[in-house]
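**Student:** Kindly return the folded structure for what I paste below:
(chains A and B)
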Amino acid sequence: MTTGTPTIVLVGHGMVGQRFLEALAGRGLTATHRVVVLCEEPRPAYDRVALTSYFSGRTPEELSMTDMEFIDTHGIELYVGDPAETIDREARKVTARSGQVFEYDTLVLATGSYPFVPPVPNKDAEGCFVYRTIEDLLAIEEYAKSRASVGAVVGGGLLGLEAAGALKGLGLTSHIVEFAPRLMPVQVDEGGGAALLRTIEQMGLSVHTGVGTQEIVVGEDGAVTGMKLSDGSELATDMVVFSAGVRPRDQLARDCGLTVGERGGIAVDDHCRTVCDPHVFAIGECALASDGRVYGLVAPGYEQAETAAATIAEDEASFTGADLSTKLKLLGVDVASFGDAHGTTDDCLDVVYSDSRAGLYKKLVIGRDGTLLGGILVGDAEAYGTLKAFTGSVPPVKPESLVLPAGAGESVQLGPTALPDDAIICSCNNVTKGTIRGAVTDHRCTTVPEVKKCTKAGTTCGSCVKVLGQLVDAELEASGVEVDKGLCGCFAQTREELYEIVLALRINSYQDLLDRYGRDGARGGDGCEICKPAVASIIASLAPTIGASGYVLDGEQAALQDSNDHFLANLQKNGSYSVVPRIPGGEITPEGLITIGEIARDFGLYTKITGGQRIDMFGARVEQLPLIWARLVDAGFESGHAYGKALRTVKSCVGQTWCRYGVQDSVRMAIELELRYRGLRSPHKLKSAVSGCARECAEAQSKDFGVIATANGWNLYVAGNGGATPRHADLLAQDLSDAELVRLIDRFLMFYIRTADRLERTSTWLERIPGGLDHVREVVVEDSLGICEELESLMAAHVAHYRDEWAETINDPERLARFVSFVNAPDTPDPVVGFVPERDQIKPDLPLLTIGHRPLEGSAQR
Amino acid sequence: MTLAPETTDLKVQLQLADEWFTVCDLTRLVPGRGVAALLPDGRQAALFRDRNGNLYAIDNRDPFGGAAVLSRGLTGTHQGRPFVASPLLKQRFDLETGQCLDDETVRVATYEVRAS
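**Tutor:** This next block holds a predicted model:
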């Protein structure tokens, strides 16, 4: 038969076989050779990796990887459902089950592997399945739907978890039985298994690890009724799916005398040629590679397919081993392992972060010299790409900073200094960290304003200015310049130090503080826009304790407040203001909604629902603010402090009262917390939320303090953040009673207010302070500094002295006098504040001004 | 308000062309805070008073943002010179010269101001 054209016979048409055919075609070998493919399954190659997606709706046709046009175009003879039965190497002939005989010049074995079924009694009983082919899945599906309500999977590896997930998806109560002491024993270690276990169990799957299957129990009809386990227990189940690993399918090779490994696998050399017959190749899961391993992943198989095709084409190629790095999403859980994941290198050390509650586990294997050797990530594999890139080298940043959640130790390395030079710091102006560093090193900028001017970073939205400051400091420090840690040009002290001075000496006047504790040149001056609001905030936080007025616009305090606080509203870009009444917990009556609606309509305001479950009304002119608030206060509303560095909202879900899943009354708690902390001035704004169950609909873990209900009480999470640098909150304490919760939040907030920098959110604060979360826990939970009583009494004083700023303002004509556009024309509105219609509401109408392009008439002189 | 009794009758005046334009009582100016005044030609001025009683007046419009809000900014002292920081994006302007301290190409108009 092989008269002229040489013949290549491929045994096995799986993913690797198909890739081999494509490689042959790519090298033009299909034109010069006759290519015969013998395929055992009734369908040509399909995506076995995505097999489980059949249960989520992908049809076998959609899973197919074989384009029949490709097969036809290249004249490939594909015989499906006709496996090779015998090989005669002497005569170079393959006999198929159908009886057809094919002579070959080159034989390629890509027979894959078979599911390992432990040799237990009744392993072939009715109701026992394996999980390998589409046919297996069809059989499982039919049995599950007609005869089973409980299913057990033997094997807690990759496929086992997929199989268990599939059974659950079919409506069965699912069990996983794994002989090893943990799930996915090959990919992850003990810690990773624990994190995975918790997540899998939360999905409702029962996991039995460390137990073997001893016997399949069958009923009188011969069908499965249960399993006997090695710990003596019996598990009732209607069906069993064996997914306990695979073995190389090398029987055909054994039968024809090819060398196989001790533990299976057809032995091949670097070119994927069998070691004892130059005419025979083996690729994929049936092959024992020259490095002594059988690769069970598709990527190395593909590489072998390319190697074999290249060798046949007499090109240089070799396969000497492959990277087993994998990243996958199993039942929705990220699992990744790379490099020397199990730490087999001599002298290597582990860096482990583990949070079983959150289902997180991250391990890095580091060599003695700091080289990153490998690692395991479970629950969050976000850093996989970066870490894999660094594997084999000493990373430029401490690798742990890439896997540790923000705030967990090593906080110095977690700052922006750890970012690579190409990281974008200012996304508005696309300025990288390298450019900012360059501004300091090459352009000799020594201050943030200079760097802003030089790089344009931080000149648009300003959200990166804080990071900018840290980078500039770090760069100056690195170049030996002594860095001034003072709050601003007026004070050499940090905010924390000023807080302590104000509290200890009961200083309640900014001028007094400046003149006594300011820098030499600043004493007697007017301070600056940085320290004035910062000191105003400290004074407001401590007002009842230090004998200052609790009303932020009294006396000298009025001159210190940021513009927003001064007008008790939020300044918008055209000089108008927005108004946000407090809606505690997001709970509002229909009458309340109608009142807000009527006010917005009467004043022609733009309305929008905020992220904090409130209603924001935009477009109020300064002289309208008292009129709007008179009506709001009359209807029972009070200031929402949207303008202040203060508590904003406490979001909530409806909780136990309405929700089928709720386990506590989250709305009641949210209202209680919001009313307790309203008006509390702090270094930055404070946001909070209360969720009624672990489903977390209120998103409490993205808040400065978030509360999640448990069956036993409340879990308190702290230092979460959304915004530009999202951070998941850390669990501070769990299963708290109402009183314990409130007491702990009191302490936490007061400790934050006491020690944070100006404009430092709880998330950055927690990352900055030495000791991080552990330190905060020691201070506020265990009272290691002995200050908890003081913290609580400071908060008690705040709560007792709270008064609504707007109610106080509208009842005082003198205070109302400031709410005019023009001091000399109180009835004239600012003509610059204009609006145009958009989507049935208004928007600001502001002439476009571009500095440097069009000088302003009478104002900007060049 | 912490004003000495003898200053309560004083008026704040701006110099416009040849005349002094009266804006308001001096008592309306809180040290450290500004007020806005509407001028006869429609322009707006921002008036400030520092803790030592010195008065300043500059154009009220923020040349970066376009809104007439400089009177609502916070004042301070930078290297001995008085300034106001815009409440929009915090650029600082020298109250005596109108020069922007954060962008040397930008300057706002200034006015002579007195209390009499």
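**Student:** Nearest residue to the middle of chain B?
**Tutor:** Centroid check for chain B by CA atoms, centre = their mean gives B:Leu47 as the closest residue, at 2.8 Å.
**Student:** Now the residue nearest to that residue when sequence neighbours are not counted: phi and psi?
**Tutor:** In space, and not counting its chain neighbours, B:Leu47 is closest to B:Ala57: 4.8 Å by CB to CB, 6 or more residues apart in numbering or on different chains. Every C-beta, even on glycine, is put in place using the N, C-alpha and C of the backbone. When read as degrees, to the nearest 10, the backbone of B:Ala57 gives phi -150, psi 130.
**Student:** Look up how far chain B lies from the closest residue in space to A:Gly524 that isn't next to it in sequence.
**Tutor:** Leaving out its chain neighbours, the residue that sits closest to A:Gly524 by CB to CB, 6+ apart is A:Asp515, at 6.1 Å. The span separating A:Asp515 from chain B equals 10 Å under the rule CB to the nearest CB, to the nearest Å.
**Student:** I'd assumed A:Ala522 was in contact with A:Asp515.
**Tutor:** No - distance between A:Asp515 and A:Ala522: 9.1 Å, which falls outside the contact criterion (CB atoms under 8 Å).
**Student:** who's more crowded, those two?
**Tutor:** Looking at A:Asp515 and A:Ala522 with other CB atoms under 10 Å in any protein chain shown, you find the greater number of neighbours at A:Ala522, namely 24 against 13.
**Student:** OK, contacts around the more buried one?
**Tutor:** A:489-491, A:514, B:77 (CB atoms under 8 Å, 6 or more residues apart in numbering or on different chains).
**Student:** and if you look at A:Glu587?
**Tutor:** If you count contacts by CB under 8 Å, 6+ apart, A:Glu587 has them with A:652, A:667, A:670-671.
**Student:** got it, and A:Val294?
**Tutor:** With contacts defined as CB under 8 Å, 6+ apart, A:Val294 is in contact with A:248, A:261, A:263-265, A:285, A:287-288.
**Student:** Contacts made by the one helix or strand A:Glu69 maps to with the rest, please.
**Tutor:** Secondary structure assignment for A:Glu69, by DSSP states H and E: helix A:68-73. Residues external to helix A:68-73 that are found in contact with it (CB under 8 Å, 6+ apart): A:21-22, A:25, A:44, A:76, A:78.
**Student:** So residue 87, which state does it fall into?
**Tutor:** In the absence of a named chain, chain A is used. Here A:Ile87 takes the strand state, with states given by DSSP: H, G, I helix; E, B strand; the rest coil.
**Student:** nope, chain B
**Tutor:** Per three-state DSSP, the secondary structure class of B:Pro87 is coil.
**Student:** what's the distance between it and B:Ser71?
**Tutor:** 9 Å (CB to CB, to the nearest Å).
**Student:** Enumerate the residues of the stretch 501-650 of chain A near chain B.
**Tutor:** Near chain B, the residues belonging to the stretch 501-650 of chain A are A:511, A:521-522, A:525-529, A:532-533, A:555-556, A:558-560, A:562-564, A:566-567, A:571, A:573-575 when assessed by CB under 8 Å from any CB of the partner chain.
**Student:** circling back to that earlier point, quick one: what helix or strand has the residue nearest to A:Gly524 in it?
**Tutor:** Using DSSP H and E, A:Asp515 sits in helix A:510-517.
**Student:** Which positions within that helix qualify as buried?
**Tutor:** When burial is assessed from 16 or more other CB atoms under 10 Å in any protein chain shown, helix A:510-517 yields the following buried residues: A:510-511, A:513-514, A:517.
**Student:** with these in mind, which one is nearest to chain B?
**Tutor:** Compare each of the buried residues of helix A:510-517 with chain B using CB to the nearest CB and the shortest gap goes to A:Gln511, at 6.7 Å.
**Student:** Could I get the pLDDT score of the closest one?
**Tutor:** The predicted structure scores A:Gln511 at 91 on the pLDDT scale.
**Student:** and it, what does it touch?
**Tutor:** A:556, B:51.
**Student:** separation between it and A:Ser549?
**Tutor:** Distance from A:Gln511 to A:Ser549, counting by CB to CB: 15 Å.
**Student:** swap in A:Val779?
**Tutor:** According to CB to CB, A:Val779 stands 30 Å off from A:Ser549.
**Student:** Of these two, which one has the most company?
**Tutor:** For A:Val779 and A:Ser549, the more surrounded residue by other CB under 10 Å is A:Val779, and the numbers stand at 21 against 16.
**Student:** Find the residue ranges of chain B scoring beneath the pLDDT cut-off.
**Tutor:** In the predicted model, chain B carries pLDDT under 70 at residues B:1-8.
**Student:** the strands in it, which residues?
**Tutor:** If you assign secondary structure with DSSP state E, the strands in chain B sit at B:11-16, B:19-25, B:34-38, B:44-49, B:55-59, B:74-78, B:81-85, B:92-94, B:110-111, B:113-115.
**Student:** do the same with the stretch 1-150 of chain A
**Tutor:** Secondary structure of the stretch 1-150 of chain A by DSSP state E, counting those that start in this stretch: the strands cover A:7-11, A:34-39, A:77-80, A:84-88, A:93-96, A:101-103, A:106-109, A:113-115, A:128-130, A:150-154.
**Student:** Counting by contacts, list what the fourth one packs against.
**Tutor:** Secondary structure elements in contact with strand A:84-88, counted by 3 or more CB pairs under 8 Å, 6 or more residues apart in numbering or on different chains; DSSP states H and E, are strand A:93-96, helix A:251-255.
**Student:** distance between the ends of stretch A:266-277?
**Tutor:** Across stretch A:266-277, the straight-line distance between its terminal residues is 11 Å, by CA to CA, to the nearest Å.
**Student:** ignore the last one, stretch A:802-812
**Tutor:** 18 Å.
**Student:** before we move on, back to that, give the buried subset of the residues of the stretch 501-650 of chain A next to chain B as a ChimeraX selection command.
**Tutor:** Remark: buried members of those, expressed as a ChimeraX selection using 16+ other CB under 10 Å:
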select /A:511,522,525,526,527,528,529,532,533,556,558,559,560,562,563,564,566,567,571,574,575
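**Student:** if you look at the residues of the stretch 501-650 of chain A next to chain B, which of them are in helices?
**Tutor:** Among these, the members found in helices (DSSP state H) are A:511, A:532-533, A:558-560, A:563-564, A:566-567.
**Student:** With distance to A:Asp350 as extra columns, can I get those residues in CSV?
**Tutor:** CSV is the format used below for those (distance: CB to CB, whole Å):
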residue, distance to A:Asp350
A:Gln511, 57
A:Lys532, 50
A:Pro533, 47
A:Ala558, 58
A:Ala559, 57
A:Leu560, 52
A:Ser563, 52
A:Asn564, 49
A:His566, 55
A:Phe567, 56
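**Student:** Done for today, thanks.
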